[in-house]
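Peer 1: A structural model of the following input is requested.
(one chain, ligands or ions: 1)
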Amino acid sequence: MEKATAIAPSNIAFIKYWGRENPELNIPKNGSLSVNLDQLHTTTTVEFSPDYQRDQIIINGHEDETEAKRAIKHLDKIRLLAGITEQAKVVSENNFPTGSGLASSASGFAALSVAGAKAAGLNLSERELSTLARLGSGSASRSIPDGFVEWVKGSSHENSYAYSLYPPDYWDIKALAVIVSLDKKKMGSVEGHSLVDTSIYYGVRIVHMDGKIAHLKEAMAEKDFKTFGEIVEAEAVDLHVIAMTSNPPLFYWKGASIEAMEACRELRDGGTLAYFTFDAGPQPVVFCQGKDAQTVAERLKSITAVKDLIVNEPGIGARVVDTHLF
Ligand code: DP6
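Peer 2: I've put the predicted structure just below:
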């Protein structure tokens, strides 16, 4: 069996996945919409071989037991699909800090799925790769297709998948990933998903979800950046309201996160459209139109706690490459 390597982008959701209908299969409570981030990615090489005595998982040069467990569970699914029993060596590199709130599980499981499937001799369609990636991490399903992506909620393993709504060059928008903290997250999204029903507001969120998705898709179809931004911002706040009102409560924002929100409002008051979102972490991701990227980046960099800022364009999805990591 040949080794195989894949690169997969991280993605940032406009409409978030928060809460699962089926925790085993990562079937979400609602559909979601996202864009791939072209500057943030994971590269993964997988090789199955009778020479390996155990699965060995090396992520960013280290073997970590918790991460290895999750990856091996995913390899088991690939082995089952391919009807093979060989152990594997997996080497994976992120070009951004793991656990910092930039979604490494999305790019990580998308890359592992594409490289793993190829190394196991499977020939899967994009849709099948998306469902496979979803089993590893829900948001990873959205890192398989190109550009602007919709993850259809679905009701079974086969029909909960992501597909490309528009290619990367459809819309000249930028996603500025602002690094305000490099602390490892204390509370990841795995716990957050399982706590949603403890928030009294979660039912209200879900009732509005289909309408919100339809409204945002309309704004995207019309390239109406203002409406798009207003929906995206309100959606991020909505997610954090659920998180903060869960039991135990999850507070992800830091002081600099709030400062970034204020900077967006201030930019808008001055006529520059900029809108924030947040995943389950403190790092803001700010959307703006291509022509405004410089102005928005400068304003965000003026926040004292901002350590780094990565300007992303909409990116292509996961793909096989022929340069291996070992
Ligand atoms: C807040 O995909 O990380 O980033 O399925 O447990 O791996 P698992 O969850 P994950 O959840 C992502 C949560 C989010 C919102 C989003 O990306 O849609």
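
Peer 1: Tell me the residues of this structure that contact the ligand?
Peer 2: Residues of the chain that fall close to the ligand, judged by C-beta under 6 Å from any ligand atom: 13, 16-18, 26, 32, 103, 105, 137-139, 189-190, 193, 279-280. For the C-beta atoms, the positions are set from N, CA and C on the backbone; glycine is no exception.

Peer 1: Go through those and flag which are in helices.
Peer 2: Judged by DSSP state H, these include 105, 189-190, 193 as members of helices.

Peer 1: Tell me the buried residues within those.
Peer 2: By neighbour count, with 16 or more other C-beta atoms under 10 Å, those hold 105, 189, 193 as buried.

Peer 1: on that earlier part again, buried ones among the residues of the chain next to the ligand?
Peer 2: Applying 16+ other C-beta under 10 Å to the residues of the chain next to the ligand flags 13, 16-18, 26, 32, 103, 105, 137-139, 189, 193, 279-280 as buried.

Peer 1: Most widely separated two among those?
Peer 2: Within these, 26 and 279 form the most distant pair, 15.8 Å apart (C-beta to C-beta).

Peer 1: and residue 176, how far is that from the ligand?
Peer 2: Remark: distance between residue 176 and the ligand (C-beta to the nearest ligand atom, to the nearest Å) = 17 Å.

Peer 1: My error: substitute residue 265 in the last question.
Peer 2: Counting by C-beta to the nearest ligand atom, the gap from residue 265 to the ligand is 22 Å.

Peer 1: What is the neighbour count of that residue?
Peer 2: Neighbour count for residue 265, taken as other C-beta atoms under 10 Å: 13.

Peer 1: ok, and what's touching the helix or strand it falls within?
Peer 2: Using DSSP states H and E, the element containing residue 265 is helix 255-269. Residues from elsewhere that reach helix 255-269 (C-beta atoms under 8 Å, 6 or more residues apart in numbering): 178, 180-181, 233, 273-276, 278, 282-284, 286, 295-296, 299-300, 302-306.

Peer 1: Restricted to strands, list the residues you listed.
Peer 2: 178, 274-276, 278, 284, 286 (DSSP state E).

Peer 1: The ligand: which of the residues you listed is nearest?
Peer 2: Using C-beta to the nearest ligand atom, residue 278 comes nearest to the ligand of the ones in strands among the contacts of helix 255-269, at 8.0 Å.

Peer 1: And that closest one, how far from residue 234?
Peer 2: Distance, residue 278 to residue 234, using C-beta to C-beta, to the nearest Å: 12 Å.

Peer 1: between those two, who's got more neighbours?
Peer 2: Legend: neighbour count by other C-beta under 10 Å for residue 278 and residue 234, higher for residue 278 (24 against 11).

Peer 1: show me what contacts that one?
Peer 2: 101, 236, 239-240, 252-253, 257, 284-285.

Peer 1: how about the strands in this structure?
Peer 2: Per DSSP E, the chain carries strands over the ranges 4-15, 20-22, 27-28, 32-49, 56-59, 87-94, 148-151, 162-166, 173-179, 274-278, 284-289, 308-312, 319-321.

Peer 1: Give me the buried subset of the contacts of residue 278.
Peer 2: Buried among these (16+ other C-beta under 10 Å): 101, 236, 239-240, 252-253, 257, 284-285.

Peer 1: any chance of the residues you listed in a markdown table, with pLDDT and distance to residue 143 too?
Peer 2: As requested, these are exported to a markdown table (pLDDT from 0 to 100; distance: C-beta to C-beta, whole Å):
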| residue | pLDDT | distance to residue 143 |
| --- | --- | --- |
| 101 | 56 | 16 |
| 236 | 98 | 19 |
| 239 | 98 | 19 |
| 240 | 98 | 23 |
| 252 | 93 | 21 |
| 253 | 94 | 25 |
| 257 | 97 | 24 |
| 284 | 96 | 20 |
| 285 | 97 | 15 |
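
Peer 1: and of the residues you listed, the nearest to the ligand?
Peer 2: For the buried ones among the contacts of residue 278, the nearest to the ligand is residue 239 (6.2 Å; C-beta to the nearest ligand atom).

Peer 1: Report pLDDT for the nearest residue to that closest one once chain neighbours are set aside.
Peer 2: Using C-beta to C-beta, 6 or more residues apart in numbering and skipping the chain neighbours, the partner closest in space to residue 239 is residue 16 (4.8 Å). We have a pLDDT of 98 for residue 16.

Peer 1: In contact with residue 132, which residues?
Peer 2: Per C-beta under 8 Å, 6+ apart, neighbours of residue 132: 77-78, 81, 113, 117, 124.

Peer 1: In PyMOL, select just the buried ones from these.
Peer 2: The PyMOL command for the buried members of the contacts of residue 132 (criterion: 16+ other C-beta under 10 Å) is given here:
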select buried, resi 78+113+117+124
